[in-house]
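[1] Here you go, sequence then predicted model.
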Amino acid sequence: MKKPKKEPHQQTWLTEQRLRFYPLLLGLLALAAVFVLIIARESDMLLRVQELNLFLYTPLFFKQQLVVAGGFLTWLGTYFTQYFYHPWLGTLLLCLWLGLLMWLVKHAFAISVKWAPLLLLPVALVLLTDFDLGYWIYYLKLRGQFFIAVIGFSLAVALTWAFRRLAVMKDRLGLWLPLLFILLSGVLMYPVAGFYGLLALLLMGVIVWRLDVPVGRKALTSVVALATLAVVPMVYYRQVFCQASFDNIWWQALPVFITTEKCPQYYYPYAALVLVLLVMAACYRLAFTPSVLKKQWGWLVSQVVLTAAIVWGCWHFWYKDETFHEEIRMTQCVDNYDWQGVVDIMSRHQGVPTRMMVMYKNLALFKLGRAGDEMYNYRDGSKAPDCPFELRVAQIGGKNIYLHYGLLNYSYRWCLEDGVELGWRVEHLKFLVRCSLLNKEWKTCQKFIDLLKQTKYHAQWAEHYERLMTPEGQKSITKDPELGPIFHLMGGLDLLASDQSLIELFLLNTLAYHETSDPVCSELVLLSAMQLKDIPAFWQAFFQYAKLHVGQHMPRHFQEAAYLYGHLEKTIDISGMPFDDAVRKSHDGFMQMAVRCQKMTNEQMMDAFYPQYGNTFYYNYFLMRKLKSY
């Protein structure tokens, strides 16, 4: 008699009962890694995002958000975004929302613990909707962007989970209650969450086919879900949200990535996440465990490979341009009147800078009184920003540049235009407060101060400037360490005209031909004429500066420009001017080297000359000839 074959030893440790805490541990580790990564790399950007946000604790602000579909989601997004004022706190809140999304996805689609790494996929894609934006943060019209996606997708998944539980009821309610739930979800969630409410309907229409209900009920449920998805937005469009564009009624609460050109690549993470959720809904309760995963080594390898692939994909598409972050840090230094901080960032920059960085550096050196000696100690250039659309300095830092050069009306104008086009932001209100205060428009200034006092983190800033509106404060504005230097530059220049969005060229042309009797302004005029490389304008500004600084040493770059122009055109006799020996020697050495290198291309000469002459006006005049302002 044959003995029965023994069953192979089963690896019982792979049971879901034994691994029930594995998804929790994986999720906590992933969220901890995300928190550290964001704080380490993106704190400066998040602080900037908070300045480009505005949340007011007023009933009117709440009502204003509800005039479009998805308005409540926008209100929530702006509320949480304000906490990026403390990057660690805002990041912690974002990670908590991501943790909730993972938990909802696991339970809504019954993700097996053996496929736990799949829970990281929605998290990675949501992170990319925020941290792949780069320069687009300046053009976002959707308020609260950095929280809307995670809240919206969490809501859609939660509604799908609730529907799944209702749809399997066996009594009479099992037929009508799910259909009623779909209708109510469409009617109630579309005005609250826009696109995300419609996504929930789509997920319901898909997951019902994986439930243990009759085929007829599945078909009826899908038809009702799709019909609700199609009809509800049109009804709301005609009856409630009439100001919305008909083409966008199904996409409300999604950002619009269009400036002068369309940028569809920013929608890819959204599309990928929608596809992932649809696949999860379609695969609900689908047994798919290859035999290799039933073995210890196969399961371990699959976990490592899947997790590594998701992590690599998230990091690969994460926006990592260091110049973008340097510009942001420079902006923060300018906002805090930390001029040496701006110079320090520029000195650490590797490679060619953008024009925004050059403008900030020149502003900082002027404020420090060192531009005439150090302006060319740093690389010049016009590196194109790393973005797939046409970028303008006006949106990045142009308002700051205008403010600190004393052209307040232009700063004020750009704040108003961007406020209307892109939505009001904390940054706009702060510029408007300072411009109104310096222009002595007290009632207007008080209006903007009152708005800032309705914010959580900027009320103290507003109260500081409100004190300058008192009779005693008004007398001290000219002596204020922050506003005094701006007030000093205001005379005679702040006449509103059109800058054609080319802020740097407009500023240089406005300042270079200005006649002044003020020593500080004369330095700014001469610096502008020197940057324009306009020889007649330079000589006019040079003699104006010399008359106002009698007995003072002429800064090095001014000497270099005068010595060079005197030899180039010989219209001005420079023989009696007391040039430094270092200026004469560097000029002669540059010209001798130019003769030896005349067969080189401009790019080759730039590399060859820079180590010895890169910090001179000669290098800038002859070799930096194709700089693009934007």
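    Sure thing, it's come through.

[2] wait, Glu569 sits on Ile535?
    Yes. Using C-beta atoms under 8 Å, Glu569 is in contact with Ile535, at 6.2 Å. Yep, even glycine has a C-beta here, placed from its N, CA and C like the rest.

[3] neighbour-wise, which of the two wins?
    It is Ile535, of Glu569 and Ile535, that has more neighbours when counted by other C-beta atoms under 10 Å, with 16 against 11.

[4] Contact partners for that one?
    Applying C-beta atoms under 8 Å, 6 or more residues apart in numbering, we find Ile535 in contact with 565, 568-569.

[5] lowest-confidence helix or strand of the protein?
    Lowest mean confidence among the helices and strands of the chain (mean pLDDT, DSSP states H and E): helix 471-475, at a mean of 84.

[6] ok, Phe366 to Tyr412 distance?
    22 Å (C-beta to C-beta, to the nearest Å).

[7] Among those two, which residue is more densely surrounded?
    Between Phe366 and Tyr412, counted using other C-beta under 10 Å, Tyr412 has the larger neighbour count: 25 against 22.

[8] nearest residue to that one other than its sequence neighbours?
    Residue nearest to Tyr412 in three dimensions, not counting chain neighbours: Cys435, with 4.4 Å by C-beta to C-beta, 6 or more residues apart in numbering.

[9] The one you found reaches Ser411, doesn't it?
    Yes. Assessed by C-beta under 8 Å, Cys435 is found in contact with Ser411 at 5.6 Å.

[10] List the residues that contact the nearest residue to Gly372 once chain neighbours are set aside.
    Excluding the flanking residues, the one nearest Gly372 by C-beta to C-beta, 6+ apart is Pro555, at 2.6 Å. For Pro555, the contact set (C-beta under 8 Å, 6+ apart) comprises 371-373.

[11] how about those in TSV, adding pLDDT, distance to Leu94 and secondary structure?
    Shown next, in TSV, are the contacts of Pro555 (pLDDT from 0 to 100; distance: C-beta to C-beta, whole Å; DSSP: H, G, I helix; E, B strand; the rest coil):
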residue	pLDDT	distance to Leu94	secondary structure
Ala371	96	41	helix
Gly372	95	46	helix
Asp373	95	45	helix
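
[12] looking at these, which has the most residues close by?
    Neighbour counts for the contacts of Pro555, by other C-beta under 10 Å, peak at Ala371, which reaches 23 neighbours.

[13] Just give the nearest non-adjacent residue to that one, would you?
    The spatial neighbour of Ala371 that comes closest, neighbours along the chain excluded (C-beta to C-beta, 6+ apart), is Leu365 at 3.9 Å.

[14] need the next SSE after the longest helix anywhere in the chain, C-terminal direction.
    Selection of the longest helix in the chain by residue count, based on DSSP state H, yields helix 22-51. Next helix or strand after helix 22-51 toward the C-terminus (DSSP states H and E): helix 59-65.

[15] Spatially central residue in the protein, please.
    Centroid-nearest residue in the chain, with C-alpha atoms, centre = their mean: Ile137, separated by 2.9 Å.

[16] Counting neighbours, what do you get for the residue nearest to Tyr412?
    Cys435 sits with 26 neighbouring residues when counted by other C-beta under 10 Å.

[17] contacting residues around it?
    By C-beta under 8 Å, 6+ apart, the contact set of Cys435 is 403, 408-409, 411-412, 415.

[18] repeat for Gln50
    By C-beta under 8 Å, 6+ apart, the contact list for Gln50 reads 81-85, 90, 426, 457.
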